[in-house]
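>>> This is a predicted model, with the sequence first.
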Amino acid sequence: MTTRRTILKSMTAAGALSIWDAPIRYAFASVPTDRRLVVVILRGALDGLAAVPPHGDKDYESVRGSLAIAHPLDIDGFFALHPALVNVKAMVDAKEAALFHNICSPYRDRSHFDGQNVLETGATGPHILQDGWLNRALVPMGLSDGDHALAVAQTPPLLLSGPARATSWMPANMPAPDEAFLARMRILYARDPNLLGSLNSAMDMQAAAAGAMDDPGARMGGAGYGNLTPLFEGAGKLLAAADGPRVAVLDAGGWDTHFNEGAAEGQLPRRLQALDTALETLKTSLGPAWSKTAVVMATEFGRTVHPNGSNGTDHGTGGAAFLLGGAVNGGAVHAEWTGLSTAALQDGRDQPARTDLRALFKGVLAEHMGVSATALNATVFPDSGGVAPLRQLIRA
Amino acid sequence: MSLEGAIAVHRFGLGARPGEIDRASRNPKAWLLSQLNIAADQPEPLDGGSFKSGGDLVVEMLQYQRERAMEKRMGTQSDPVKDFFKTRVKFFTDELAARYQLGFTTDRPFAERFVWFWSNHFVVSAQNPRAITLVGAFEREAIRPHIAGTFEDMALAAMSHPAMLLYLDNAQSIGPDSPAGTRFGKGRNENLGRELMELYTLGVDGGYSQADVISMANILTGWTLNPAGQNNGFAFYENRHEPGEVTLRGRTYPPSLEGGIAAIKDLANDPATARHIATKLAIHFIADDPPAESVARLQKTFTDSHGDLRALAHAVVNDPAAWKSGTKMRTPVEYVTAGYRLLDLPKGDNAPKQVQGALAATRLMGQTPLAPPAPKGWPDTSDAWSGPDAVLTRIEWAKRVGQGLPAGFDALAIADAGMGPLLTPATRTVMARAESQSDALAFLIASPEFQRR
């Protein structure tokens, strides 16, 4: 525990009390609340060391090799943000974004499906619970009437599925498949020259059409493939309404970067830029409601510390998580950091998991949405009594 | 679950509904052929009620035309044309939605495949504004009752249906020397006579001349709409019929309705027709470029059985070449239908929307059934459906169609149940490595083995 506290102080400069040991500030549980909670599931396992590079770590450049980020956006001299995350950086500077590292759900194997099942059910292992933790939290939040919980999807993902009612919405023009998905399609079509030829030709045309556009921002985060902006913008507008939903779930896939992940340029930077643009749009479309909003973004697990043989990374364990919004007590990176030397890694290869994601979720539910400790431990996250909520995540 | 069962379901049927491969696997050939013992099932309107008959629709259409002519004479400013057009389109989309729904749910998918095949052979297209309200009735009345009958009965039903008579302009075809022709100075229209030989029976190289086209058109003069709706909207008007015996391809026919029926029967049983239909069936069920011996076998069956459509189905099913999986790209409607059957859609409160979504998806992929651009019908070869934009549209659709499923599904379990032994290890590997269940499902639906049959 001393290690944890020491490191926290050095990382956050947050004063004597840290997110791990300050008193919990339960939100006033007025019903219905005017607080907004957005959960973004980053499906595919985001590479936390790319999104939130620990560029101050002495081993960072050597272990990351070709994937080391040359000019990250520094936060505290130790942690930084990927250069594509300019809007998130502005939120950190405005103390509206907190970041978390070496964080993961309790799941320790490396299957996306099972990992997402644990992330979404809030259980200690896959396929133990049948419904999502956010659904179970709707009743104690007083938002289970069906109109106040929104899935930006055709049907709610597991996270929001369960006995409590929720609604769902999708824009009429759904976003096109992202780059990583299409890369997999090429593998799928490797044995079908006809389909492969057509796919490649279509992608060339897409690229040419995108290249013909003047605004590079529009090309990367805007109109092109894998665009997330319409989803986030729509969610923001719906959440902004006085009588609209108070809880929303968004899915953002495309993080499974086994090939050509890239450092400053490549698949992951493009995906991060799309996410960054979408988050800024969410903020803008929320308007004044942004000040009442907390957005938590999490992924099923992290990725390997060392690059693999194809300029990418493989499935790992610990990674990064994000908490953004006008209601957030932000400005810092929180981590029980143990270094990047091989001895410090999970199984000698993965970023370790030192903080349980459920601690983050529980802290947000308690401080932002007024969910009681009883409800958190009994129904929302069963068998999580030993996982204390993180504290001081939300402004008083 | 056997490979033969899976092939029966995917290649001869419309893709697997839950449990269908197991059912087919017990005796795949019997499972297929037992579906063709009786006429095809009829689609039912999704909002209840029943569809109107061709005869009733003719009465409605003529009534509307009279009103419109009256308003034109009276100089009325209202624009009923637009209203009627909207109604007409709705007639068609309601019929189409019911047809899709039947495709998604039928337990006689092999029978339904023949309906689709013959409707794309005896084409009446909804792109023709005069025929659009009758397109659904045409399939229900001229095609579905005859899939287990004979080719000549189906040809007669098609040629005498008001939809066909409107679509290929025969309703207005008047013998130039008939009483009506001499009085009003109107003449014959060759369209239906030509297409009957070129597309529906003999084939373009089937051995007929321009003189034969005129002969056939003369034979069909007076075949028109029945304004009272009787006889399912068909009437033969002696006073519009070209007088005198007609010689068509060396045979002579009397100037009467019976003469026309005899001419159509002769064309339907011609050796050139046997070859034409055998070739189209082989392209549809076997390969874009089918083996010559397969075509020859089907041709012989057609000739020997006098166009018995069940005998043809038996010949297709008993041809080993027809069991070689993956040679054919699914057409858009086959593809979307297979996807819905795989996922047991439509389902729940959203069902009507899901059916509309399927209509929209096939349109984006380049096909609206019963509405091809020309009487030749929609293409039936793979290259027509696998262009870059079409493939990308299919991939996009594959990615979104599973998003209507309740959370918590297992894509690999769906793949095993829906594909059986047809699922390739390569696709299984890509699915297992997918970053989410919904992506895994999308890979399955976009996979080569699912795009093809």
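That came through, no problem. Numbering: from 1, shown residues only, chains lettered A, B, ... in the order given.
>>> In chain A, which residue sits nearest chain B?
Nearest residue of chain A to chain B (Cβ to the nearest Cβ) works out as residue A:44 at 3.3 Å. Any C-beta I mention is one placed from the backbone N, CA and C, and that applies to glycine too.
>>> That residue: helix or strand, and which one exactly?
Residue A:44 is part of no helix or strand when elements are defined by DSSP states H and E.
>>> How many residues are close by it?
28 (other Cβ atoms under 10 Å in any protein chain shown).
>>> do the same with residue B:138
Residue B:138 has 28 nearby residues by other Cβ under 10 Å.
>>> Assign a three-state SS to the residue lying closest to it once chain neighbours are set aside, would you?
Distance criterion Cβ to Cβ, 6 or more residues apart in numbering or on different chains; nearest residue to residue B:138, sequence neighbours excluded, is residue B:163 at 3.7 Å. Secondary structure, DSSP: H, G, I helix; E, B strand; the rest coil: residue B:163 is helix.
>>> in terms of contact, does residue B:163 touch residue B:122 like I think?
No - the criterion here is Cβ atoms under 8 Å, and residue B:163 misses it with residue B:122 at 9.8 Å.
>>> in which helix or strand would I find the spatially most central residue of chain A?
The structure's chain A has its C-alpha centroid closest to residue A:297; by Cα atoms, centre = their mean the separation is 2.6 Å. Per DSSP H and E: residue A:297 is located in strand A:293-299.
>>> List the strands paired with that strand, with their directions.
With DSSP bridges as the test, strand A:293-299 is paired with strand A:36-42 (parallel), strand A:319-324 (antiparallel).
>>> Quick one: the ones you listed as a markdown table, columns for mean neighbour count and mean pLDDT too.
Listed next are those as a markdown table, based on neighbours: other Cβ atoms under 10 Å in any protein chain shown; pLDDT from 0 to 100:
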| stretch | mean neighbour count | mean pLDDT |
| --- | --- | --- |
| strand A:36-42 | 25 | 97 |
| strand A:319-324 | 28 | 98 |
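>>> Which positions in stretch B:290-301 come out as buried?
Judged by neighbour count (16 or more other Cβ atoms under 10 Å in any protein chain shown), stretch B:290-301 contains these buried residues: B:290, B:294, B:295, B:297, B:298, B:299, B:301.
>>> Same check on stretch B:382-397?
Buried, per 16+ other Cβ under 10 Å, within stretch B:382-397: B:382, B:385, B:386, B:388, B:390, B:391, B:392, B:393, B:394, B:395, B:396, B:397.
>>> and chain B, which residues reach chain A?
Residues of chain B lying near chain A by Cβ under 8 Å from any Cβ of the partner chain: B:329, B:382-383, B:386-392, B:395-396, B:399-400, B:403-408, B:410, B:424, B:426-427, B:430, B:433-437, B:439-440, B:442-443, B:446-448, B:451.
>>> pLDDT value on residue B:78, please?
You'll see residue B:78 listed with a pLDDT of 60.
>>> about what we covered before: got the strands paired with strand A:293-299 as TSV, with distance to residue A:117 columns?
Listed next are the strands paired with strand A:293-299 as TSV, based on distance: least, Cβ to Cβ, whole Å:
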stretch	distance to residue A:117
strand A:36-42	12
strand A:319-324	17
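>>> re earlier: what are the bridge partners for the residue nearest to the centre of chain A, then?
Residue A:297 has these beta-bridge partners by DSSP bridges: residue A:40, residue A:322.
>>> Confirm for me that it is in contact with residue A:40.
Yes - Residue A:297 is within contact range of residue A:40, at 4.2 Å (criterion: Cβ under 8 Å).
>>> can I assume residue B:258 sits in a helix?
Yes - checked against three-state DSSP, residue B:258 lies within a helix.
>>> What is the neighbour count of it?
11.
>>> now the strands for chain B?
Under the criterion DSSP state E, strands of chain B are mapped to B:223-225, B:234-236, B:246-248, B:251-253.
>>> still on that earlier bit, how far is the strand holding residue A:297 from where the chain is centred?
Strand A:293-299 sits 6 Å away from the centroid of its parent chain (Cα atoms, centre = their mean, to the nearest Å).
>>> Just the endpoints, please. Distance across stretch A:102-114?
One end of stretch A:102-114 sits 20 Å from the other (Cα to Cα, to the nearest Å).
>>> For the residue of chain A most remote from its centre, grab phi and psi.
Distance from the C-alpha centroid of chain A peaks at residue A:194, with 37.6 Å (Cα atoms, centre = their mean). Here is the backbone geometry of residue A:194 (degrees, to the nearest 10): phi -60, psi -50.
>>> Any figure for the gap between it and residue B:367?
Distance, residue A:194 to residue B:367, by Cβ to Cβ, to the nearest Å: 18 Å.
>>> And for residue A:350?
In terms of Cβ to Cβ, residue A:350 sits 48 Å off from residue B:367.
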